[in-house]
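# just coords:
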């Protein structure tokens, strides 16, 4: 640690806020619109745009891990796969969007895959998707957040967003993660 | 501080979502642009785009009329701060001519959880607010300049945003109308 920064209060010297601060939805909607426009200006295709939004979401998610585990869970991390999914569905969603995600389901065909469903994601509320870009779902931003939280807590996964019953986030865990979880259960 | 006045029925979101989304965007811009000066400029531009749309939201929600003078304008922007960012800045440091004033913020949701690394000390992180003020006022025919004087991210006690009145813009009528 450098001594020069002593004079100024660093961010870690301040108490952690309770996270109850609120900002107007219009403000967030316009900011997110600028985020999408910024990404769009840098992209040629819809998948490229989605990738950029996903990356930004991952940046946000990676910051949320410590914040929420310290604030909501006294610093205790989850080690079970189902528990971390419930954490995402309940705790994370509630803190971030004010309510739980609508549904969490395990895929019938693939044991590595889970679905998290949300009828009306906050970020999509004021977005109308142009007809020629109908595959675009700006909730990939949220998918990015979820991916970073899962991966960052030791449950490596790929998370994508799809138009299905509103928006469905498809969470596909690495084989190693599922195998490890099974071992944990056997004990 | 007067927190009374009217409570506006605006839907709210968690401020950390906004803080982190904005932070992620700024970080991405720094990566893309490579030049702090350009990032500051882009952030101002981004705020401007938001401002020209926020003013409509503001007018619709508050039903406010024309401002009589710049003091009136300052008060209304103060209200807007509370509506949109949930903080109440003080209006201070009027210039003798009455054409320049400052908003002084003790807290700022945009900078919660934010720390500027030493090599980005010249970044005007909150320029988005300056842009929003400029954009919003331009839509009500006021040409202003806005910039950051003090910045908590750089170790100052509070954040001070200066606004300077330049001129009144004349309404340009669309062709074919009187």
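Received, thanks. Just so it is clear, the structure is predicted and the values come from calculations on it, not from any experiment. Numbers count the residues shown, from 1 in each chain, chains lettered A, B, ... in the order given.

# element containing residue B:102, please.
If you go by DSSP states H and E, residue B:102 is part of strand B:100-105.

# can you tell me which helix or strand the closest residue to residue B:33 other than its chain neighbours belongs to?
Spatial nearest neighbour of residue B:33, excluding adjacent residues (Cβ to Cβ, 6 or more residues apart in numbering or on different chains): residue B:39 at 5.2 Å. The C-beta positions use only the backbone N, C-alpha and C, and glycine is treated the same way. Using DSSP H and E, residue B:39 sits in helix B:36-62.

# which strands and helices sit next to that helix?
Judged by 3 or more Cβ pairs under 8 Å, 6 or more residues apart in numbering or on different chains; DSSP states H and E, helix B:36-62 is in contact with helix A:25-42, helix B:15-33, helix B:70-85, helix B:127-138.

# now do 6 Å
helix A:25-42, helix B:15-33, helix B:127-138 (3 or more Cβ pairs under 6 Å, 6 or more residues apart in numbering or on different chains; DSSP states H and E).

# Mind listing what's buried along the last one?
Residues of helix B:127-138 classed as buried by neighbour count (16 or more other Cβ atoms under 10 Å in any protein chain shown): B:127, B:128, B:129, B:130, B:131, B:132, B:133, B:134, B:135, B:136, B:137, B:138.

# With the second one instead?
By neighbour count, with 16+ other Cβ under 10 Å as the criterion, the buried positions of helix B:15-33 are B:15-26, B:28-30.

# residues from chain B in reach of chain A?
Chain B comes close to chain A at residues B:10-18, B:20, B:24-25, B:46, B:50, B:53, B:57, B:83-86, B:109, B:115, B:155, as judged by Cβ under 6 Å from any Cβ of the partner chain.

# which residues touch residue A:87?
residue A:78 (Cβ atoms under 6 Å, 6 or more residues apart in numbering or on different chains).

# Can you report phi and psi for it?
Dihedral angles of residue A:87 (phi, psi; degrees, to the nearest 10) stand at phi -60, psi -50.

# Chain B versus that one, what's the distance?
Residue A:87 sits 17 Å away from chain B, going by Cβ to the nearest Cβ, to the nearest Å.

# per-residue confidence for that residue?
You'll see residue A:87 listed with a pLDDT of 95.

# ok, now how distant is it from residue A:72?
Taking Cβ to Cβ, to the nearest Å as the measure, residue A:87 falls 9 Å from residue A:72.

# Where do the helices of chain A begin and end?
A:25-42, A:46-73, A:81-86, A:93-97, A:140-152, A:175-186 (DSSP state H).

# Please work out which of these is packed deepest.
Among the helices of chain A, helix A:140-152 has the highest mean neighbour count (mean count of other Cβ atoms under 10 Å in any protein chain shown), at a mean of 25.

# near chain B, which residues of chain A?
With Cβ under 6 Å from any Cβ as the criterion, chain A meets chain B at residues A:8, A:11, A:19, A:21-28, A:30, A:34-35, A:56, A:59-60, A:63, A:96.

# At the geometric centre of chain B, which residue sits there?
For chain B, residue B:129 is the residue whose C-alpha lies nearest the centre (Cα atoms, centre = their mean; 2.7 Å).
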